[in-house]
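>>> test case, fold it:
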Amino acid sequence: MNDLIFEVVVSAIAVVMGVTAYYLRTPDIEKGDGWLCIKHSTLFQVLSLGLFFRRVRIDKPIRTVTIDTRFGWVVTRHTVLHTDELDHIEFRGGRDRRGKYTILLVGKDEREHEMYTFANSVPSRPGEAVDDNVGYGGTVGEEARELLKDIEWFTGLKTASLMLRSEKALMAECPHCGRVVSKYGRKCLYCGGPLEGDR
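Here you go, the predicted model:
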């Protein structure tokens, strides 16, 4: 009986930690008439006691990107970029098995300005972390790509990314569930449905 209670408590703690880690890393995204704001989640701000904070605001009518960063309560950085000074958006995938995606703005002087990093701490489905690493799919990859589309629209910049080009060459959408999977697999990692045609 004690072993059963212990296993239930450990499982509950693991679920709470996974959910908390997900919401810590998922940004708050607000959209308005001609503006987009991306910032650390409220849960992250509360648990870090306000020591770390990042907010990115894109104003389409005045063509600016404002990045506010705070490290501790003393060091703050306020950067205003005009979209005329920017060359493209960069979308990078991490090399770890958890799936990590970083969206950056690259200026014409090749200086990089990080906007946000998505990271998957605990896979929510079997195969998700592997798919995030290999195929840039999974929940975190989809959230990062959705935000990337919004950033492209609000800034008017295009994404220049080796990762996205390789994804188009090697990946396909599952006809059953719509998730991104390898073109060369026989079954979908998510729904288990057969992929079209033998490859």
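>>> how about C191: what's its closest non-neighbour residue?
C177 (4.1 Å; Cβ to Cβ, 6 or more residues apart in numbering). Where C-beta positions appear, they are placed from N, C-alpha and C, glycine not excepted.
>>> pLDDT wise, what is the one you found at?
At C177, the pLDDT value in this model is 86.
>>> so what's it up against?
188, 190-191, 193 (Cβ atoms under 8 Å, 6 or more residues apart in numbering).
>>> kindly report the same for I89.
With Cβ under 8 Å, 6+ apart, I89 has these contacts: 103-106, 148, 151-152, 155, 157-161.
>>> among those, which lie within helices?
Within the contacts of I89, residues falling in helices by DSSP state H are 148, 151-152, 155.
>>> how much space between C37 and E112?
Remark: distance between C37 and E112 (Cβ to Cβ, to the nearest Å) = 21 Å.
>>> kindly report the same for D59.
Look at D59 and E112: by Cβ to Cβ, they are 21 Å apart.
>>> next: L36.
Distance, L36 to E112, by Cβ to Cβ: 20 Å.
>>> the two: who's more crowded?
Higher neighbour count among L36 and E112: L36, with 20 against 12, using other Cβ atoms under 10 Å.
>>> pLDDT weak spots in this structure?
Low-confidence segments of the chain (pLDDT under 70): 1, 12-25, 93-100, 119-141, 161-170, 197-199.
>>> just the helices in it please.
Using DSSP H, helices in the chain cover 2-25, 42-47, 128-135, 138-155, 162-170.
>>> partner residues bridging G32?
On the basis of DSSP bridges, G32 is bridged to W35.
>>> got it, and V181?
Here V181 sits in beta bridges with A172, going by DSSP bridges.
>>> count of neighbours near it?
Neighbourhood size, V181 [other Cβ under 10 Å]: 23.
>>> do the same with E114
Neighbour count for E114, taken as other Cβ under 10 Å: 15.
>>> over to I67?
I67 has 19 neighbouring residues, counting by other Cβ under 10 Å.
>>> A172 now?
By other Cβ under 10 Å, the residues close to A172 number 17.
>>> tell me how far it lies from E142.
On the measure of Cβ to Cβ, A172 and E142 end up 15 Å apart.
>>> now T76: closest residue in space that isn't a chain neighbour?
Nearest non-adjacent residue to T76, counting by Cβ to Cβ, 6+ apart: R70, 4.9 Å away.
>>> check contacts around that neighbour.
Taking Cβ under 8 Å, 6+ apart, we find R70 in contact with 50-54, 76-77.
>>> just F154 next, same as before
F154 neighbours (Cβ under 8 Å, 6+ apart): 35-36, 58, 60.
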